[in-house]
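>>> got a predicted model here, sequence first, then my questions.
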Amino acid sequence: MTAKNCSEDIKQPSQEIALMHMIHGSRITQLIYVAAKLKIADLLQDGPKNSEELARTVDAHPRALFRLLRALASVGIFCENEAGCFQLTPLAKHLQTGIPGSLAAYAIMVGEPWSWRVEGELLYSVRTGKPAFTHALGMDVHEYLNNDAEAAKQFNEAMTSFSGHELAPVVTAYDFSQFKTIIDVGGGHGAMLAEILKTYPGLRGKVFDLRAVDQAARSILDKQGVTDRCELINGDFFKSIPGGGDAYILKRVLHDWDDEQAVAILKSCHRAMAGSGRLLIIERVIPPGNEPDFGKLVDISMLTLSGGLERSRSEFKAILDRGGFELADIIPTQCPLSLIEARPV
């Protein structure tokens, strides 16, 4: 069947209506969350289905589910066809699980009650400059995730799904062949380093993180065929970082922390590095002025979650100077992240 209103031009709303849509942005977040939680996109992989059939499968109220899908279809996520069945759209396909580019896990994490409570306390963060997470939940984000296995699982799955599409663009944007040993500081499960080692068979590496040695990390290394060239090391980067690397990577690490803590991490890297080493920071670089950039919205999440921040070029230079480095270059990639190359001084 031909889909209704899927390809028709939509009239531009008035300024009042456009603002109203923005005001209700949080409602769209929850709509997407529920659809992801119920795995609706997975159920539509084989073709369109009506809301009653979907409701029986996911144990939902048929009319309520129809209203949810109709609302999502109005913003381009799913589409109702002439037979009254819903089908996937290009946006909805990214809510499927287990596919490259899936954002299902991320959508679920953002919509979970614990995450929702934190976002609702933005005013506290703006007034105080402190993370709303601690104010809302009584502990910082790291402690909370250590104490709640389900939330930690959601968080880790979300970060993996969110960052999976970033690996290849980062690796192709920079020549890692100039190094022999790369140490991925705060490297989580080692996905970034595994991608580098897979691309450059002559390299060796180490993943250094509080919980680097676990089955998830070993599975990633095994899948990429680099287990024999990569060591997993548990440790705290605020205390000390392993030596022996001629390149050190910080991917999405510094944005978790305020300037004082970020400088402390940089100083730890500096102590571990030889004078000829390279520090490679893989982060968003916020453009100046009014230029639209999704990173400016992510920056608000960092404020409420941990008190961290997304930084501009001048802000990176400032913390690098304090940490004992000079900013050598900022290399854009074909994803939202840039590669910031720094040298110890």
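Right, received. Where do you want to start?
>>> hey, let's count contacts and neighbours off CA atoms from now on
Fine.
>>> helix, strand, or coil at the residue sitting furthest away from the middle of the chain?
Distance from the C-alpha centroid of the chain, by CA atoms, centre = their mean, peaks at Ala83 (37.5 Å). Three-state call for Ala83 (DSSP: H, G, I helix; E, B strand; the rest coil): coil.
>>> could you do Ala342 as well?
Ala342 ends up strand, using three-state DSSP.
>>> what's around it, how many residues?
By other CA atoms under 10 Å, 22 other residues sit near Ala342.
>>> would you map the strands across the stretch 201-345 of the chain?
Here the stretch 201-345 of the chain has its strands, by DSSP state E, counting those that start in this stretch, at 204-209, 230-234, 247-251, 278-283, 285-286, 311-312, 325-332, 338-344.
>>> tell me which of these lies nearest to Ala132.
Closest approach to Ala132 among the strands of the stretch 201-345 of the chain is made by strand 311-312 (19.5 Å; CA to CA).
>>> beta-bridge partners for the closest residue to Gly245 other than its chain neighbours, please?
The shortest distance from Gly245 to any non-neighbouring residue, by CA to CA, 6 or more residues apart in numbering, is to Thr181 (4.9 Å). Bridge pairing for Thr181 (DSSP bridges) gives the partners Arg204.
>>> mind listing what Thr181 touches?
Applying CA atoms under 8 Å, 6 or more residues apart in numbering, we find Thr181 in contact with 203-206, 244-247.
>>> how's this structure carved up into domains?
As assigned by automatic domain parsing, the chain contains the domains 15-99, 106-161, 163-288+303-344.
>>> save the ones you listed as TSV, and put in mean pLDDT and distance to Lys296 too.
Listed next are the domains of the chain as TSV, based on pLDDT from 0 to 100; distance: least, CA to CA, whole Å:
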stretch	mean pLDDT	distance to Lys296
domain 15-99	96	16
domain 106-161	92	15
domain 163-288+303-344	95	7
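>>> which one of these is the most hemmed in?
Compared across the domains of the chain, domain 163-288+303-344 shows the largest average neighbour count, a mean of 19 (mean count of other CA atoms under 10 Å).
>>> any idea how far that domain is from the chain center?
Here domain 163-288+303-344 shows a centroid-to-chain-centroid distance of 15 Å under the convention CA atoms, centre = their mean, to the nearest Å.
>>> stretch 84-104 now?
18 Å.
>>> what residues does it touch?
For stretch 84-104, the surrounding residues in contact (CA under 8 Å, 6+ apart) are 36, 39, 41-42, 44-45, 47-51, 69, 76-81, 105, 107, 158, 161-162, 164-165.
>>> what's the closest non-adjacent residue to Val171?
Using CA to CA, 6+ apart, the nearest residue to Val171 is Ile196, at 6.1 Å.
>>> now swap in Val110 and tell me
For Val110, ignoring the flanking residues on the chain, the nearest one in space by CA to CA, 6+ apart is Trp116 at 7.0 Å.
>>> confirm that neighbour sits in a helix?
Yes - counting by three-state DSSP, Trp116 is found in a helix.
>>> measure it to Val345 for me?
43 Å (CA to CA, to the nearest Å).
>>> before we move on, back to that, show me which pair in the contacts of Thr181 is furthest apart.
The distance between the two most remote of the contacts of Thr181 (CA to CA) is 13.1 Å, for Leu203 and Gly244.
>>> just to revisit the earlier point, okay if I get the strands of the stretch 201-345 of the chain as JSON lines plus distance to His61?
Listed next are these as JSON lines, based on distance: least, CA to CA, whole Å:
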{"stretch": "strand 204-209", "distance to His61": "44"}
{"stretch": "strand 230-234", "distance to His61": "47"}
{"stretch": "strand 247-251", "distance to His61": "43"}
{"stretch": "strand 278-283", "distance to His61": "43"}
{"stretch": "strand 285-286", "distance to His61": "43"}
{"stretch": "strand 311-312", "distance to His61": "45"}
{"stretch": "strand 325-332", "distance to His61": "47"}
{"stretch": "strand 338-344", "distance to His61": "45"}
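>>> nearest to Leu19, of the ones you listed?
Among those, strand 285-286 comes nearest to Leu19, with 24.3 Å by CA to CA.
>>> re earlier: show me the contacts of stretch 84-104 that map onto strands.
Among those, the members falling in strands (DSSP state E) are 79-80.
>>> can you pull out the helices in the stretch 1-150 of the chain?
15-23, 25-37, 40-43, 51-58, 62-73, 90-93, 104-111, 113-119, 122-128, 132-137, 141-147, 149-163 (DSSP state H, counting those that start in this stretch).
>>> in a markdown table, list those along with distance to Asp228.
As requested, the helices of the stretch 1-150 of the chain are exported to a markdown table (distance: least, CA to CA, whole Å):
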| stretch | distance to Asp228 |
| --- | --- |
| helix 15-23 | 50 |
| helix 25-37 | 37 |
| helix 40-43 | 36 |
| helix 51-58 | 43 |
| helix 62-73 | 47 |
| helix 90-93 | 36 |
| helix 104-111 | 30 |
| helix 113-119 | 38 |
| helix 122-128 | 45 |
| helix 132-137 | 40 |
| helix 141-147 | 30 |
| helix 149-163 | 23 |
